[in-house]
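K.L.:
What would the 3D arrangement of this be:
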Amino acid sequence: MFAAACLLFAAAQEPIPWERFVREVYDPAWSLPEPTARELVVDGREVVHLAAAMREWVRRDFALAPGAEPAAGHEPVLLGDLVRELRPLARDRKRFRARIEELSAKLPGLDRRSVEWLGQLLRDDALRGEDWDPGDDEPNDGLLLLPPWELDPEVPGRHRYWRERGGNGYVYQLAAFYFADAWSIATTDCDLAAYQTHANNEYEDIHAVPGSLVRSTDPAGRPVASYRVFYTWDLDFPYSTYDCELDVFIHVDDRGDLVTETRSDSEDVYWTASRDLFLPVRDHAGEWVCFLLVQEFGIDIDGVPDRESDRLEGIRGLVGSKKKLCEALFAGRRGEPHNPSDPGELIADFPFPGGEG
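P.N.:
I've put the predicted structure just below:
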């Protein structure tokens, strides 16, 4: 009944013009920038931009060598095909390893990095355990964490938020398979009360700002939405808490993928921003298998010493907890995946928080 009421409210809410949305609600220039080549060199070492790598990965034909063209009668093998075959073996490390080695021997596009990533993403029994601790980076927690890239405040042309920010500029990168449909993922993302049940969370309060939900349509005709979230996070002794109000921006990017972005200019943080990219994983027949989430996230709290371990624990706790919740929600529905061919349909219809006010 509540969901139906929310849908009626959302349908009745008229989108505002894009120019007004950018001026008064959310300017896309606030969003986390795409890294330059220089920002992908950290402490003298080149790091992988996970989002770019995963965009290629979900579209790769693993039956082809890099740069090769398919011959007549070629049968492609896409990421969804590999996931379908390997996921049932993920709890049996020996069988999983044996099968993936067999596949890598006959699939020229299945390189060592892909073998490593598939193992890290599909083997998630540690995440399912009662004693899962996001403070530990386990090889079988279903979460792939890569080294961060580093924001450069001197990149020309960026919004002053990025040129004038204080603190460190590390942007952490994590990926996870979500075996859940778009509706279940969005429902989990927007269930703010459940955030206080996440593993190792320290939320004293978290809620949507009433009346903050605004919808619009971008210049390409794609629906967008934005709302604000306020939270208070408890810090370790001798510090107390910090408050943060996040701007949330949900849209479809130029490649047609669903994206959720956040940022804040709250006084308690030098800066914070995130980008969640949801890549559909399909098999060679075009059938949907799951989503691949790629999250980029950074934060620096004013007056609190930098502790990378806290940031890594936070990002693993958030993504791991959401993975379990959205997958349980999807499994409990036992229905056909609600995955619109155009993610903009989801944005246009979904009852995001912040609508009441």
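
K.L.:
what's the distance between Asp243 and Ala273?
P.N.:
Between Asp243 and Ala273 the distance is 17 Å, computed by CB to CB, to the nearest Å. To be clear about C-beta, it is placed using only N, CA and C from the backbone, and glycine gets the same treatment.

K.L.:
Please disregard the earlier target; I meant Glu130.
P.N.:
If you go by CB to CB, the gap between Glu130 and Ala273 works out to 33 Å.

K.L.:
All the strands of the stretch 201-350 of the chain, in order from the start?
P.N.:
203-208, 214-217, 223-234, 241-252, 258-264, 269-282, 288-301 (DSSP state E, counting those that start in this stretch).

K.L.:
nearest to Ala53, of the ones you listed?
P.N.:
Between Ala53 and the strands of the stretch 201-350 of the chain, the tightest spacing by CB to CB is seen for strand 288-301, at 8.8 Å.

K.L.:
Neighbour count for Glu130 and Ala273, which is higher?
P.N.:
Neighbours were counted for Glu130 and for Ala273 using other CB atoms under 10 Å; Ala273 has more, 24 against 4.

K.L.:
which residues does the more buried one contact?
P.N.:
30-32, 261-264, 297-298 (CB atoms under 8 Å, 6 or more residues apart in numbering).

K.L.:
re earlier: between the strands of the stretch 201-350 of the chain, which one is closest to Tyr170.
P.N.:
Of all the strands of the stretch 201-350 of the chain, strand 288-301 comes closest under CB to CB, at 5.8 Å.

K.L.:
Sheet partners, orientation included, of that closest one?
P.N.:
Strand pairing for strand 288-301, using DSSP bridges, gives strand 170-178 (antiparallel), strand 269-282 (antiparallel).

K.L.:
quick revisit: need the strands of the stretch 201-350 of the chain in CSV with mean pLDDT, can you?
P.N.:
Below are these laid out as CSV (pLDDT from 0 to 100):
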stretch, mean pLDDT
strand 203-208, 95
strand 214-217, 98
strand 223-234, 96
strand 241-252, 96
strand 258-264, 98
strand 269-282, 97
strand 288-301, 96
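
K.L.:
Just put the contacts of Ala273 in CSV and tack on distance to Pro156 and neighbour count.
P.N.:
What follows is those, written out as CSV (distance: CB to CB, whole Å; neighbours: other CB atoms under 10 Å):
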residue, distance to Pro156, neighbour count
Trp30, 17, 18
Ser31, 17, 21
Leu32, 17, 19
Glu261, 22, 22
Thr262, 25, 20
Arg263, 20, 23
Ser264, 24, 23
Phe297, 25, 22
Gly298, 20, 24
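
K.L.:
which one of these is nearest Asn339?
P.N.:
Comparing those against Asn339 with CB to CB places Glu261 closest, at 20.7 Å.

K.L.:
Would you mind finding the most buried of the strands paired with strand 288-301?
P.N.:
Compared across the strands paired with strand 288-301, strand 170-178 shows the largest average neighbour count, a mean of 22 (mean count of other CB atoms under 10 Å).

K.L.:
what distance separates it from the centre of its chain?
P.N.:
Computed by CA atoms, centre = their mean, to the nearest Å, the chain-centroid distance of strand 170-178 equals 7 Å.

K.L.:
So for stretch 99-115, first residue to last residue, what's the gap.
P.N.:
11 Å (CA to CA, to the nearest Å).

K.L.:
Which of the three states applies to Pro148?
P.N.:
Counting by DSSP: H, G, I helix; E, B strand; the rest coil, the backbone at Pro148 sits in strand.
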